[in-house]
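Enquirer: Pasting a predicted model and its sequence here:
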Amino acid sequence: MKAIWNGNVIAESNKTINIEGNQYFPADTIKKEYLSKSNTQTKCHWKGLASYYNITVDGKTNKDAAWFYPEPKPMADKIKDYVAFWKGVEVVE
């Protein structure tokens, strides 16, 4: 699987986890140079508190376009240290 935004591969892995139609990429497969921490947080009733990253490529920023669960609830423990994408980030095989 690849996550692509603004013509650049942000993440690539053959070990993603699919939850609720979203591909979660292992943290070590993310190109961190494109990500910066956001202050945004949301809460999922079964996964826990999500934190977000902004993605910046070639001077363009996609705010809160990636999220992760730093301390997921027990039912979602398998996605700890995994990152998912949305807001126009294309995820393809």
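Expert: Sure thing, it's come through.

Enquirer: Am I right that Val83 falls within a strand?
Expert: Yes: checked against DSSP: H, G, I helix; E, B strand; the rest coil, Val83 lies within a strand.

Enquirer: Provide a list of residues in contact with it.
Expert: 11, 24-25, 27, 30, 53, 66-68 (Cβ atoms under 8 Å, 6 or more residues apart in numbering). Placement of C-beta: from N, CA and C, glycine included.

Enquirer: likewise Asn54?
Expert: Counting by Cβ under 8 Å, 6+ apart, Asn54 touches 35-38, 61-65.

Enquirer: three-state assignment of it?
Expert: Once three-state DSSP is applied, Asn54 turns out strand.

Enquirer: ok, it to Asn18 distance?
Expert: 24 Å (Cβ to Cβ, to the nearest Å).

Enquirer: cool, Gly59 as well?
Expert: On the measure of Cβ to Cβ, Gly59 and Asn18 end up 32 Å apart.

Enquirer: Please name the nearest non-neighbouring residue to Asp40.
Expert: For residue 40 the amino acid is Thr, not Asp. Tyr52 (4.3 Å; Cβ to Cβ, 6 or more residues apart in numbering).

Enquirer: about what we covered before: can you put the contacts of Val83 in TSV and add neighbour count?
Expert: As requested, the contacts of Val83 are arranged in TSV below (neighbours: other Cβ atoms under 10 Å):
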residue	neighbour count
Ala11	29
Tyr24	26
Phe25	26
Ala27	13
Ile30	22
Tyr53	23
Ala66	25
Trp67	23
Phe68	20
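
Enquirer: follow-up on the earlier one: counting neighbours, what do you get for the residue nearest to Thr40?
Expert: 18 (other Cβ atoms under 10 Å).
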